[in-house]
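[1] Coordinates for the following, if possible.
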Amino acid sequence: METYSLPSIHSVLEYWAEKTPDLPFLVTGDGQCSMAHLDKQSTKLANSLQALGVSSGDMVAVMMEGSANYLKVWFALSKIGAVEVPINNAYKGLLLEHVIETTELTTVILDAEFCDVVGNAFANLGRSCKLIKNKINGETSLANLIEQGRSDKVSTNVLATDTACVLFTSGTTGPSKGVLMSHGHQLSFGKFFNEIVGMSEDDVTYNYLPFFHIAAKFLTLGTLLAGAQMALMPVFRLTKFWDDVNRFGATVCIAVGGLCHMLRGLPHKPEDSQNTLRLIYAVPRPSEFLNDFQKRFGLTVAEGYGSTETNLVVYSNGNDAPEGSCGRASKYFDVRIMNELGEEVKTGASGEICVRPNYPNTIMKGYVKMPHETLDTCRGLWLHTGDRGYVDRNGYFFFQDRMKDAMRRRGENISSFEVERMINEHPDIAESAVVAVSSDLDEDDVLAVVVPRQEKQLNPRELIYYFSENMPYFMVPRYLRFSASLPRTPTQKVRKIELREEGITQDTWDSVEAGLRVTRHGILAENEHE
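    Now for the predicted structure:
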């Protein structure tokens, strides 16, 4: 039987535990964990949680770093038929209270360091909760529940259509939305990822991502579906990345956010290409330095486009897409570019990327307790992603920007994503983030926060001249700010909301104040005329 035809998350683990019980699935800094051991431990935990009153359909929060214990919790909840609610470890206050209220939580499984934050949130809401602590002794500690749990099979009938998880979005344009994901939806993520990267039982994946992000989940499920092995680290450490990769013999990893840019920014070493990775799945793939990056590190960079709500709906598994494209539509989805009226636009025209599944249980079930938002996102029987893009005559898709991140300047629409790619082509720039700031002309001005490559000094005037020669005049940033790093989420995505809130700081360089004016005919210095 193909493992991806199994109905639930835990059924894949049970399949391998029976077929190859001693197969080492998980490798951490503490050692290895076989399929059978992980299955047995999660079964014991599931029985203990049931004895505490956790039932099928109950929502149970998990606020833990990635670890073997997290996986035991994940599979245990699946065996019960309970709904996992992974919480961002940085949440506190109103954000955390929103998650608690939305899902009506009563049970939280968490690392001890989060006890006070979670307890305060429940107290502020006037709610009671049951806290199950990881790595802490006590009657209801995670270790105790696993140790004393029964080993007999949990008697539940979990279907592919049943809700497995509620994953909360970042909430940058409003309250975080809880995405209802079925077992089938999560498993299909793993299956499609495997097809994109060509996963086999010989692979070792390297997972440093937090489990409140879908990428950590589909990397884990993809590894499990393939009968491969996964090296799991609790947090991302740039300085230890290559050491970890080679220590574990990792062959595949995911680069969410700016990992490729950060790796590129490291000093060159003669042994850069002498690593075990064969492929990085990047979102997005850095086309501005792709060839040099692949050659330097001796690997292939694949790319996929999707979201928690959708799936991996567009992809390129190597060098099979033109520069800047994220690939062609997956055979499992119908992907179109539409205007604000829900009409498909002509080839090459910009619009919203919209998705419709060709198979059941491969996109979200909706947003928890947000029926209006669910209907709006799924209006016209298409899932509207909120992303702007276009498709060329050969069927290659090009992501342009989150629609909320798009800017308008001098009568032109500007994609921050495209500006960043052009900025990053500069040989002395490691990465950048572009945001809109207010303008006196009731439009947007462009601010670029630039991270120089290590040991490089950048001159803002020289950069403006460089940009004017390499990008349309209306895209050239008016403002530049240099920074040693960019603010990031735990999944290494750039927190643009933070940059927008900071706006023009005292250390921001203004090209207009410096006497430079960028025109369609080039840069005019002060006292010059067109």
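
[2] rest of the way, CA atoms for contacts and neighbours
    OK.

[3] Excluding chain neighbours, what is closest to residue 332?
    residue 358 (5.3 Å; C-alpha to C-alpha, 6 or more residues apart in numbering).

[4] Help me confirm that residue 90 is found in a strand?
    No - counting by DSSP: H, G, I helix; E, B strand; the rest coil, residue 90 is not part of a strand but coil.

[5] Tell me how many other residues surround it.
    Residues within reach of residue 90, counting by other C-alpha atoms under 10 Å, total 12.

[6] could you pull out the helices for the stretch 101-250 of the chain?
    For the stretch 101-250 of the chain, the helices defined by DSSP state H, counting those that start in this stretch cover 115-125, 142-148, 183-197, 214-226, 241-248.

[7] Looking at these, which is nearest to residue 368?
    With C-alpha to C-alpha as the measure, helix 183-197 is the member of the helices of the stretch 101-250 of the chain nearest residue 368 (15.7 Å).

[8] Which pLDDT does the model give residue 174?
    Confidence at residue 174, expressed as pLDDT, is 51.

[9] my bad, should have said residue 412
    69.

[10] Which parts of the protein belong to which domain?
    Using automatic domain parsing, the domains assigned to the chain come out as 31-158, 407-525.

[11] Switch those over to TSV; also include distance to residue 335.
    As requested, these are arranged in TSV below (distance: least, C-alpha to C-alpha, whole Å):
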stretch	distance to residue 335
domain 31-158	29
domain 407-525	21
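
[12] which of those domains has the lowest average pLDDT?
    domain 407-525 (a mean of 86).

[13] Quick one, which of the domains of the chain gets closest to residue 386.
    Nearest of the domains of the chain (C-alpha to C-alpha): domain 407-525, 13.6 Å.

[14] contacting residues for residue 199?
    When contacts are counted by C-alpha atoms under 8 Å, 6 or more residues apart in numbering, residue 199 touches 222, 223, 226.

[15] now swap in residue 186 and tell me
    9, 217, 218, 221, 362.

[16] mind redoing it with 10 Å?
    Counting by C-alpha atoms under 10 Å, 6 or more residues apart in numbering, residue 186 touches 8-9, 160, 163-165, 214, 217-218, 221-222, 308, 311, 361-364.

[17] Restricted to strands, list those residues.
    163, 164, 165 (DSSP state E).

[18] Can you name the helix or strand that residue 384 falls in?
    Counting by DSSP states H and E, the element that carries residue 384 is strand 383-391.

[19] and after that strand, which helix or strand comes next?
    Using DSSP H and E, the first helix or strand after strand 383-391 is strand 397-402.

[20] That next one packs against which elements?
    strand 300-306, strand 312-316, strand 328-329, strand 333-338, strand 351-357, strand 383-391, helix 416-423 (3 or more C-alpha pairs under 10 Å, 6 or more residues apart in numbering; DSSP states H and E).

[21] count of neighbours near residue 271?
    9.

[22] three-state assignment of it?
    coil.

[23] Buried deepest among the helices and strands packed on strand 397-402, which one?
    strand 312-316 (a mean of 25; mean count of other C-alpha atoms under 10 Å).

[24] Report the rounded mean pLDDT for that one.
    The model assigns strand 312-316 a mean pLDDT of 96.

[25] Which neighbouring elements make contact with it?
    On a contact count with 3+ C-alpha pairs under 10 Å, 6+ apart, strand 312-316 meets helix 183-197, strand 300-306, strand 328-329, strand 333-338, strand 351-357, strand 397-402.

[26] How far off centre is the fifth one?
    Averaged C-alpha coordinates place strand 351-357 at 19 Å from its chain's average position (C-alpha atoms, centre = their mean, to the nearest Å).

[27] got it, and the last one?
    When distances are taken as C-alpha atoms, centre = their mean, strand 397-402 is centred 16 Å away from the chain's centroid.

[28] repeat for stretch 512-526
    39 Å.

[29] Using CSV, write out every CA atom in that stretch.
    The C-alpha coordinates for stretch 512-526 follow below in CSV (Å, rounded to 0.1, in the frame of the first residue of the first chain):
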residue,chain,number,x,y,z
VAL,A,512,16.5,63.8,-2.1
GLU,A,513,18.1,65.6,0.9
ALA,A,514,21.4,64.4,-0.6
GLY,A,515,20.7,66.4,-3.7
LEU,A,516,19.9,63.5,-6.0
ARG,A,517,16.7,63.2,-8.1
VAL,A,518,15.9,60.0,-10.0
THR,A,519,14.2,60.6,-13.3
ARG,A,520,13.3,58.6,-16.3
HIS,A,521,16.4,60.0,-18.0
GLY,A,522,18.7,59.1,-15.1
ILE,A,523,19.9,60.8,-12.0
LEU,A,524,20.0,64.6,-11.8
ALA,A,525,22.2,66.0,-9.2
GLU,A,526,21.3,69.3,-7.5
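
[30] Perfect, that will be all.
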